[in-house]
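Undergrad: Could you look at this predicted model? Sequence included:
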Amino acid sequence: METPFVLFSQLNMCETKEKAFFKLIHGGLGKEEASKEAKTRVSPEEAVKWGESFDKLLSHRDGLDAFTRFLKTEFSEENIEFWIACEDFKKNKEPQQITLKAKAIYEKFIQSDAPQEVNLDFHTKEVITKSITQPTLHSFDAAQSRVYQLMEQDSYTRFLKSDIYLELIEGRPRRPTNLRRRSRSFTYNEFQDVKSDVAIWL
């Protein structure tokens, strides 16, 4: 009797956090997002708290997930992904990792024609560009603050009126979200089907 031999070519039990980071930065994560989304259950009471402040929304894992899904309907998810990347970046302690991750963030979100370029003024971009060869944990602070303000003043107010949020606070099942108009507040890039797993940053 022959013993069946099966290869699991994509199974990697030893993948490092660094590799996972670069997969996320370069849009290489798999299609787990939809299944995670389906399992998310938020109480209306919890969702109501997200309407009290933008900070409360972002500090809650499910709130961050719901807001990210909303931004995808407006083709502006690069803003929250950049903010999350900056939060993760500031946790690094090793100089080598700071340099590598700073370069990855710069290439994905900051440089001209970056795949998910965020809307920043010329001066802020110039400062980051000059410091990217010797980055510090504060290299992206000004840019992160700018993107945070854009989301809080623009996207957050629309999120609180969106079907995604209203259905959560009313306790109704979520309907599939359709892609909607692009927010005019953000830099336009051709939409690319780049998916990320937000949970890996938290």
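TA: Now that the structure is in, tell me what you want to look at.

Undergrad: neighbours around residue 138, how many?
TA: When neighbours are defined as other CB atoms under 10 Å, residue 138 has 11 of them. Quick note: C-beta positions are derived from backbone N, CA and C, even for glycine.

Undergrad: where does it land on pLDDT?
TA: Turning to residue 138, the model gives it a pLDDT of 95.

Undergrad: residues touching it, list them.
TA: For residue 138, the contacting residues are residue 90, by CB atoms under 8 Å, 6 or more residues apart in numbering.

Undergrad: do residue 162 as well
TA: So residue 162 contacts 70, 73 (CB under 8 Å, 6+ apart).

Undergrad: Can you read off the backbone torsions of it?
TA: phi -80, psi 160 (degrees, to the nearest 10).

Undergrad: roughly how far apart are it and residue 47?
TA: 12 Å (CB to CB, to the nearest Å).

Undergrad: so who does the residue lying closest to residue 92 once chain neighbours are set aside touch?
TA: Distance criterion CB to CB, 6 or more residues apart in numbering; nearest residue to residue 92, sequence neighbours excluded, is residue 98 at 5.0 Å. Residues in contact with residue 98 (CB under 8 Å, 6+ apart) are 89, 92, 135, 136, 137.

Undergrad: Recalculate using a threshold of 7 Å.
TA: 92, 135, 137 (CB atoms under 7 Å, 6 or more residues apart in numbering).

Undergrad: Columns secondary structure on top of those residues, output as TSV?
TA: Shown next, in TSV, are the contacts of residue 98 (DSSP: H, G, I helix; E, B strand; the rest coil):
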residue	secondary structure
92	coil
135	coil
137	coil
